[in-house]
Every structure is written in C-alpha cells, then in structure tokens.
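Undergrad: requesting a structural model of the entry that follows:
(one chain, ligands or ions: 2)
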Amino acid sequence: SAKADPILRADGIRRSFGGLTAVDVEHLEVQRGTITALIGPNGAGKSTLFNLLTGFDRADAGGWSFQGRKLNGVAGHKVARRGMVRTFQLTKALTRLTVLENMLLAAPGQTGERFAGSFARWMWAGQEAANRERALELLARFKLDTKRDDIAGSLSGGQRKLLEMARSLMVDPSMVMLDEPMAGVNPALVQSLLEHITALRDEGTTVLFVEHDMDVIMGISDWIVVLAQGRVIAEGRPADIRSNNEVIDAYLGA
Ligand code: ADP
Ligand code: MG
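TA: Numbering: from 1, shown residues only. Ligands and ions are numbered 1, 2, ... in the order given. Now for the predicted structure:
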C-alpha cells in the first residue's frame with residue numbers, strides 16, 4: 001500500500017526458475033525510517049526478492065526505484081553505492097582475513113574504479129585513512145574492536161552476524177537489508193542484534209529484514225509485509241498481522 005515517504009518503491013517484480021514463480025510482487029513500498037519485516041514460509045521468495053532488489057539476480061519483469069531514482073538494472077556493487085545494502089554471509093575467502101581487513105574490503109571504492117596520477121593517489125590516501133577510522137568506529141560499536149586482528153573465521157556464529165552487519169555499514173547506507181540476521185545466534189547475542197537494529201532505525205536508517213521468529217518480528221517491526229508463494233498476501237502493523245487469518249493460514253498451510 002502507499003506510504004507517506006517511501007524510500008523504496010517496486011512494481012510488477014517477477015522472477016521464475018523454470019516453471020516455478022519464485023517472486024510475483026505487484027506493488028511494494030518501504031517507508032523511510034522504519035523497520036519493515038518481510039515474513040513468509042520457507043520458499044516464499046524472500047531471499048529471491050532481496051537478490052532482485054539489490055541487483056544480485058535479474059528480474060524477468062518489473063521496475064523499482066530507491067530514493068526516487070530508478071534502480072532496476074543497476075549492478076549489485078552500484079546499488080550499494082546508491083545507499084541500499086544487504087548483508088552477506090562471510091565467504092570462505094573472507095573468513096581467512098582479519099576482522100579489520102573484512103571491514104576495509106567493504107569500504108566504498110573497493111569494487112569501483114581507481115584513478116591514476118599523483119592527485120588521485122593523494123585523494124586515495126585520504127580515503128583510506130577515513131575508511132580505517134570508520135571501520136574502527138564500527139568495530140567498537142559492535143564490540144568487535146578487541147577482535148580486529150583476529151581471523152574472521154575464528155569468530156562465533158553471533159559475532160559473525162555482528163561483523164556482517166558492521167561491514168554493511170561501511171558505505172554509510174540509507175537502507176540496510178538483513179536476511180535472517182538472527183539465524184543460528186545464541187539468545188544473548190540476539191538481544192544485542194535487536195538493539196543494533198533498533199538503534200539503526202532510531203538514527204534514521206531504514207531497515208528491511210527477513211526473520212522467522214515471531215516474537216522478534218512483533219517486538220521490533222514498525223510494519224510487516226507477508227509473502228507467500230512469491231506474492232504479498234498481507235501487510236500491516238504487527239497487531240494487524242497477528243490477527244490476520246490469511247497470514248495464519250499461509251504459515252500453517254506451508
Ligand atoms: P525464501 O527465502 O522465502 O525461503 P527463496 O527466495 O530462497 O525463498 O526461494 C523461493 C523459491 O525459489 C523456492 O522454491 C526456491 O527453491 C526457488 N529458488 C530460489 N533460488 C533459485 C535458483 N537459483 N534456482 C532455482 N530455484 C530457486
Ligand atoms: Mg531465504
């Protein structure tokens with residue numbers, strides 16, 4: 001439904017794999033400055049929708065815009081530069097690097113073009129110092145500063161999730177997309193992740209996240225979008241979703 005100040009608007013997004021329609025979203029808006037949960041049974045198309053919106057998969061049809069600018073067709077690394085980032089699980093290669101190296105690799109400019117010449121090198125040195133400063137600030141915020149020289153592969157499951165979130169913030173995004181940020185995390189760290197998500201929203205960052213735990217979803221979401229078999233079957237405030245029979249059926253019928 002229409003939002004007062006949507007940061008993201010999408011229309012007619014479709015993606016099929018063979019004969020299977022994974023995503024068929026007629027209309028979706030994400031209100032700026034909110035925590036919006038995307039929920040739905042396994043296989044509903046949540047991750048596929050994230051991949052499409054962030055340029056890591058190609059839609060068969062549809063258009064979407066971020067902060068008023070067309071975003072469909074824009075490549076993944078450029079989407080991040082526009083201010084919309086999603087978290088990624090640390091790849092095997094990244095687990096061999098230190099925590100700080102992981103942060104620096106997520107900095108702006110790492111995937112983009114480099115310029116030749118002494119002025120560019122001087123500019124680059126300034127950027128590198130700024131990146132390092134931001135990385136250290138974020139590591140402190142996520143209580144990973146004492147781990148900065150540890151190999152990322154040595155972190156616990158929960159600490160990895162914190163690092164994934166911290167990495168995504170290196171580009172100073174307007175919106176972060178978190179795909180099951182709490183999966184496999186022990187309860188103590190779940191609480192800490194929830195506080196980080198709420199803090200991001202309170203600072204003005206828009207959050208769109210996928211989660212299964214209903215207590216978590218109901219506890220921190222401002223708005224909930226329910227996906228089933230690729231379609232948005234309901235959306236609303238937590239209290240409305242909790243009492244929506246269609247939503248209950250989608251879960252129980254899955
Ligand atoms: P969710 O994240 O909601 O659990 P997904 O987006 O991962 O769901 O998957 C939606 C549907 O699309 C599922 O049926 C899944 O098997 C299928 N699917 C996802 N990615 C691919 C792919 N790369 N190739 C074939 N089928 C896929
Ligand atoms: Mg998924």
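Undergrad: burial count for the closest residue to ligand 2 within the stretch 1-150 of the chain?
TA: For the stretch 1-150 of the chain and ligand 2, the shortest gap (CB to the ion) falls at residue 47, measuring 3.2 Å. To be clear about C-beta, it is placed using only N, CA and C from the backbone, and glycine gets the same treatment. By other CB atoms under 10 Å, the residues close to residue 47 number 18.
Undergrad: ok, now residue 87?
TA: Neighbours around residue 87, by other CB under 10 Å: 21.
Undergrad: how about residue 171?
TA: For residue 171, the neighbour count with other CB under 10 Å is 21.
Undergrad: got it, and the one 4 residues further on?
TA: Residues lying near residue 175 (other CB under 10 Å) number 23.
Undergrad: could you do residue 147 as well?
TA: Other residues lying near residue 147 total 19 when counted by other CB under 10 Å.
Undergrad: I'd guessed it sits against residue 160; true?
TA: No: counting by CB atoms under 8 Å, residue 147 does not reach residue 160; the two are 10.7 Å apart.
Undergrad: which residues do the two both contact?
TA: Common contact partners of residue 147 and residue 160 (CB atoms under 8 Å, 6 or more residues apart in numbering): none.
Undergrad: where's the residue of the stretch 1-150 of the chain closest to ligand 2, which helix or strand?
TA: helix 46-53 (DSSP states H and E).
Undergrad: got the angle between the next helix or strand after that helix and helix 46-53?
TA: Downstream of helix 46-53, the next assigned helix or strand under DSSP H and E is strand 61-66. For strand 61-66 against helix 46-53, the angle by axes from the mean of the first three to the mean of the last three CA atoms, to 10 degrees is 70 degrees.
Undergrad: now for strand 61-66, which elements pack on it?
TA: Counting contacts by 3 or more CB pairs under 8 Å, 6 or more residues apart in numbering; DSSP states H and E, strand 61-66 packs against strand 6-17.
Undergrad: got the buried residues for the strand it packs on?
TA: 6-10, 13-15 (16 or more other CB atoms under 10 Å).
Undergrad: can it be said to contact ligand 1?
TA: Yes: Strand 6-17 comes into contact with ligand 1 (CB under 6 Å from any ligand atom), by way of residue 17.
Undergrad: follow-up on the earlier one: chain center to the helix holding residue 47, what's the gap?
TA: Offset of helix 46-53 from its chain centre (CA atoms, centre = their mean, to the nearest Å): 10 Å.
Undergrad: can you point out the buried residues in that helix?
TA: 46-53.
Undergrad: quick check, nearest of those to residue 122?
TA: Closest approach between the buried residues of helix 46-53 and residue 122, by CB to CB: residue 53, at 36.7 Å.
Undergrad: can you list the weak-confidence ranges in the stretch 151-254 of the chain?
TA: Along the stretch 151-254 of the chain, the parts satisfying pLDDT under 70 run over 252-254.
Undergrad: ranges for the strands of it?
TA: Along the stretch 151-254 of the chain, counting by DSSP state E, counting those that start in this stretch, strands occupy 175-179, 206-210, 223-228, 231-236.
Undergrad: would you turn the ones you listed into JSON lines with distance to ligand 1?
TA: Shown next, in JSON lines, are these (distance: least, CB to the nearest ligand atom, whole Å):
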{"stretch": "strand 175-179", "distance to ligand 1": "7"}
{"stretch": "strand 206-210", "distance to ligand 1": "7"}
{"stretch": "strand 223-228", "distance to ligand 1": "7"}
{"stretch": "strand 231-236", "distance to ligand 1": "12"}
